Each structure stands twice: as structure tokens, then as C-alpha cells.
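J.: The following block contains a protein sequence and its predicted model.
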Amino acid sequence: MHENRTPPAPPLFTWEFAADPYPAYAWLREHAPVHRTALPSGVEAWLVTRYADARQALADQRLSKNPVHHSESAHGKGKVGIPGERSANLMTHLLNIDPPDHTRLRRLVSKAFTPGRVAQFAPRVQELTDQLIDGFAGTGEADLIHEFAFPLPIYAICDMLGVPREDQDDFRDWAGMMIRHGGGPRGGVARSVKKMRGYLTELIHRKREDLGEDLISGLIRASDHGEHLTEDEAAAMAFILLFAGFETTVNLIGNGVYALLRNPGQRERLQRALAAGDEGLLATGVEELLRYDGPVELATWRFATRDLTIGGQRIAEGDPVLVVLAAADRDPERFADPDTLDLSRRDNQHLGYGHGIHYCLGAPLARLEGQTALATLLRRLPDLRLAADPDDLRWRGGLIMRGLRTLPVEFTPEGTEHA
Ligand code: HEM
């Protein structure tokens, strides 16, 4: 009799896995919580899937963010991290460095990118959201990724940085290239990264001559004990704000709307609360959407700087470690009924924004955009529904991010009577 035999490990990184990775993650959490695997790029890495191990690994200073610690870095060059960042001289950004450099740069950027600056930006996010919805509200149908979730964060962060409006469509094109090719050939992404780098360097030069109230001027002005960001550091910082804040927010809106459309009871609750002027459920709801199907499936690369143990598994110096946020946030040891979407979940210390010193710097902006986007969509298009069979929807194949390629919806056109 073999009833107790462990079922075979599920395949990872296939199209089926991309559509629904959660059963495979449940298997890993139970049978191989710290699991070595070959990634589609050929690089071997450890996947950490339990909540307690994930939280500990995210804060473990023996895990470096600097790819020089990768044992394969000599021949694996360019296979870890953002395509093109090396050739575009953009390596010194927050997600690639450790203390004390990280501490210094994070302190400087935090002086410019403050929660107060984000709060002041709320009316502009609302205006952008309404303008984008105006573009399709009268038609009765839309692809919410292309027409809404994709442009909103790119225009928002460009505005915040101080990119002039007439140049923002270039950013939209470069960002589009990144998102389209995120899981595929790296050449197109690398070219877009170089173009952004060139543009940002020039913009920083111009702003230096004529400082304004925007975030790039804030980055140039920020000083700590007489220290300032160098031009290279300011360019890398502006770039990482764009890069880290763009596809993540696209997916918060895309995955979030999709989860609401698939859970009509929860969506109705939220619509009733919004109609009654109660924004409390919107706030807890966006956190729950981040836990339930968050934009960042795997945290960014970490490398063991010495031999160490995570969850009882020995990891050798130089090995890459990837913390699977999506698996940790569905761990039944931490969350009651983890596969159920509960917008009013209270005890919800999810890892969707990471943990420790690299905790998401843009979380206040992401919350503002996510809450504004979802609330405005549901208010203006109250009978929004999916216009495709969920089995026909395709998810992007990239390693770090989780998001839909398209999200076709239909609704009663604005201005006509609802049935
Ligand atoms: C819903 C949207 C977002 C999610 C889910 C998200 C998630 C994350 C996560 C998980 C990390 C940590 C990665 C790691 O430790 O490996 C991170 C870091 C970061 N995020 Fe976000 N993010 C979002 C939006 C934004 C926005 C809008 C911005 C800025 C405009 C931003 C800027 C950053 C930066 C600069 C870091 C690096 C911080 C550091 O290393 O000290 N993020 N984010």
C-alpha cells in the first residue's frame, strides 16, 4: 500500500502554472518549503514558500541584494536583475545594494518621496483616473489592462517625477515594451531601459538649472549631513521609481479587478460600502487583494553571502534565493482560510510589499492609485462584468511579476439607464 507516498512535484513555470500557480505553491509549502529549482533562464535558485521562512529571509542581512555575490555572476552575467541595467549604468539602485550604501540612498530618497507628497497628489490621481475612464465609459466595453491599468501608473509617476506632459507618451511606449517583453526576449527591454536612462539623465541636467516642486527636483535638493545624490545615483533612483512603481501598479489594478469580478459577493459588499460613503472596506479590501493575488509573485533576487540555513535547509554561499511572496501570503499557518478572498480581513500582515529594509518605498502611492482606481471604476461602471471565459485569459510569463495580458470587460455605457 502506498497511500502515504508524496505526490510528484508539480511542474513550475509552464503556462498552466502561470494561470494558477497556487496549487503548486501549496505543494511546495507542504513538501519542499525551501526548494532548489532551475528557472526558465537556466539559473538555479532556491524558492522559499512558507510565511515564517519568507519573512525571516526578507529581513536576513546575510542575504545580499548585490549580484556580485551570485556564485555564477561571472558567466550568468545579465541573467539576474533588470535587463539592460548593467549596460545602461543603472546598477546602483535600491534593489541592488546593501547597507551602508542602501541606508544612505534610502534616507536621501525618503526625504523627497514623502507620504505628504503622495497625499498632495491625490486630486491628480483622481483626475487621471477619470480621464482614462472617460475614454471608454461610453462604449460599453474595454480592455481594462491596455486602456486603464497600464496608462494610469505611468502617467502618475511621470507627473510626480516632473516629466513634462508632452514627453510622457514616450515613457508610455518604453514602458509598453518592457511589459510586453518582460517574460520574453531581453533585447527590447534593454533598449527601452537605455532610452529611459538617456532621457532621465538629460532631464536631471535641465532640472538642476531650474529646480521645481517635482520629485526629481526633490531628489536633487535632498541632502543628509551635507551629502547629496550624485547625478548617476539620481538617474538610477528616478529609474527604479519608474520601474518598481509601474508594472506592479498595473497588476494591482488588473489582478484586483479580476478577483472582484470572480467573487461577486465580495464585490457587491464593496459597492454597497462605497455607495454608503464608507471607505473602510476599500482600504482593507486593497490590502486583501494584495495578499490574495498580489502583483509581485516573487521578491527580487537575493544571494547568500555565506553558508546559511533557511527553514532547516542548508544554502551555500553564492546561491540565489527567491522568496515567493504569493506562496507565503496563502500559507494556512499564517492566514485563516487563505484561499478565500475576504475584503474585511483584519489580521492581514501580508508580504505583498515585502518586509525589512527593502520594504516597498512606494506603498503609499500604490495604495492611493489602487484605491482610487477600484473605487472610481465600481462607482462609474457599477455593472462591470468579465467579457471573456476565465480559461481564455492569458497571464504574463515573467518570473517576478504576476499579471494579466488583457482584461476584457463589458458594462452598460455611462449615461444610459441600467437594466
Ligand atoms: C501595488 C503596487 C506595488 C507593489 C505590490 C510593490 C511591491 C514591492 C515589493 C515586494 C518590494 C520589495 C522587493 C524585495 O524586497 O525584493 C518593493 C520595493 C520597492 N518598491 Fe514597490 N511595489 C508597488 C508599487 C510601488 C510604487 C508605486 C513605487 C514608486 C513609485 C515603488 C517603489 C519601490 C522601490 C523604490 C522599492 C525598493 C525599496 C528598497 O530596496 O529599499 N513600488 N515594492
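T.: That came through fine. Every value quoted in this text rests on a predicted model; they were computed, and no experiment measured them.

J.: From Val125, how far out is the most centrally placed residue in the chain?
T.: Central residue of the chain (CA atoms, centre = their mean): Thr248, 2.6 Å from the mean position. Per CB to CB, to the nearest Å, Thr248 is found 15 Å from Val125. C-beta: built from backbone N, CA, C; applies to glycine.

J.: got it, and Leu144?
T.: 17 Å.

J.: and the residue of the protein nearest the ligand?
T.: Nearest residue of the chain to the ligand (CB to the nearest ligand atom) works out as Gly362 at 1.9 Å.

J.: can you tell me which residues contact that residue?
T.: Phe113, Leu241, Ala244, Gly245, Thr248 (CB atoms under 8 Å, 6 or more residues apart in numbering).

J.: Dump these into JSON lines; add distance to the ligand, pLDDT and secondary structure as well.
T.: Formatted as JSON lines, the contacts of Gly362 follow (distance: CB to the nearest ligand atom, whole Å; pLDDT from 0 to 100; DSSP: H, G, I helix; E, B strand; the rest coil):
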{"residue": "Phe113", "distance to the ligand": "7", "pLDDT": "92", "secondary structure": "coil"}
{"residue": "Leu241", "distance to the ligand": "4", "pLDDT": "91", "secondary structure": "helix"}
{"residue": "Ala244", "distance to the ligand": "4", "pLDDT": "88", "secondary structure": "helix"}
{"residue": "Gly245", "distance to the ligand": "3", "pLDDT": "90", "secondary structure": "helix"}
{"residue": "Thr248", "distance to the ligand": "3", "pLDDT": "95", "secondary structure": "helix"}
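
J.: related to what we said a few turns ago, was I right about the residue nearest to the centre of the chain contacting Gly398?
T.: No: the criterion here is CB atoms under 8 Å, and Thr248 misses it with Gly398 at 11.9 Å.

J.: just the strands in the stretch 201-350 of the chain please.
T.: Counting by DSSP state E, counting those that start in this stretch, the stretch 201-350 of the chain has strands at residues 302-304, 308-310, 313-315, 320-323.

J.: Make CSV out of those strands and add distance to the ligand and mean neighbour count.
T.: Formatted as CSV, these follow (distance: least, CB to the nearest ligand atom, whole Å; neighbours: other CB atoms under 10 Å):
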stretch, distance to the ligand, mean neighbour count
strand 302-304, 7, 24
strand 308-310, 15, 16
strand 313-315, 17, 16
strand 320-323, 7, 24
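
J.: Ok, which of these comes nearest Gly140?
T.: Closest to Gly140 of the strands of the stretch 201-350 of the chain is strand 320-323 (CB to CB; 42.0 Å).

J.: so what secondary structure elements neighbour that closest one?
T.: strand 44-48, helix 51-58, strand 302-304 (3 or more CB pairs under 8 Å, 6 or more residues apart in numbering; DSSP states H and E).

J.: Mean pLDDT added to the ones you listed, as JSON lines?
T.: Below are those laid out as JSON lines (pLDDT from 0 to 100):
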{"stretch": "strand 44-48", "mean pLDDT": "96"}
{"stretch": "helix 51-58", "mean pLDDT": "98"}
{"stretch": "strand 302-304", "mean pLDDT": "97"}
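
J.: Mean neighbour count, the ones you listed: which tops it?
T.: strand 302-304 (a mean of 24; mean count of other CB atoms under 10 Å).

J.: Report the distance from that strand to the chain centre.
T.: Remark: strand 302-304 is offset 20 Å from the chain centroid, using CA atoms, centre = their mean, to the nearest Å.

J.: who touches that strand?
T.: By CB under 8 Å, 6+ apart, strand 302-304 touches 57, 62-67, 69-71, 315-323.

J.: Walk me through which strands that strand pairs with, and which way each runs.
T.: strand 63-64 (antiparallel), strand 320-323 (antiparallel) (DSSP bridges).

J.: Mean pLDDT and distance to Glu209 for these - can I get that in CSV?
T.: Compiled in CSV, the strands paired with strand 302-304 are given as follows (pLDDT from 0 to 100; distance: least, CB to CB, whole Å):
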stretch, mean pLDDT, distance to Glu209
strand 63-64, 98, 38
strand 320-323, 97, 43
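
J.: Tabulate those (TSV), appending distance to Asp210.
T.: Converted to TSV, those look like this (distance: least, CB to CB, whole Å):
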stretch	distance to Asp210
strand 63-64	39
strand 320-323	42
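
J.: Out of these, which gets nearest to Leu203?
T.: Of the strands paired with strand 302-304, nearest to Leu203 by CB to CB is strand 63-64, at 31.1 Å.

J.: For the stretch of helix or strand Thr372 belongs to, list every residue counted as buried.
T.: For Thr372, the enclosing helix or strand under DSSP states H and E is helix 363-380. Neighbour-count burial for helix 363-380 flags 364-378 (criterion: 16 or more other CB atoms under 10 Å).

J.: pLDDT weak spots in the stretch 201-350 of the chain?
T.: 224 (pLDDT under 70).

J.: How about the residues of it by the ligand?
T.: 240-241, 244-245, 248-249, 252, 290, 294-296, 299-300 (CB under 6 Å from any ligand atom).

J.: Break down the stretch 1-150 of the chain into its strands, ranges please.
T.: Under DSSP E, counting those that start in this stretch, the stretch 1-150 of the chain gives strands at 34-38, 44-48, 63-64, 141-143.

J.: Run a quick neighbour tally on the closest residue to Gly294 other than its chain neighbours.
T.: Counting by CB to CB, 6 or more residues apart in numbering, the nearest residue to Gly294 once its immediate chain neighbours are dropped is Gly352, at 3.8 Å. Gly352 sits with 26 neighbouring residues when counted by other CB atoms under 10 Å.
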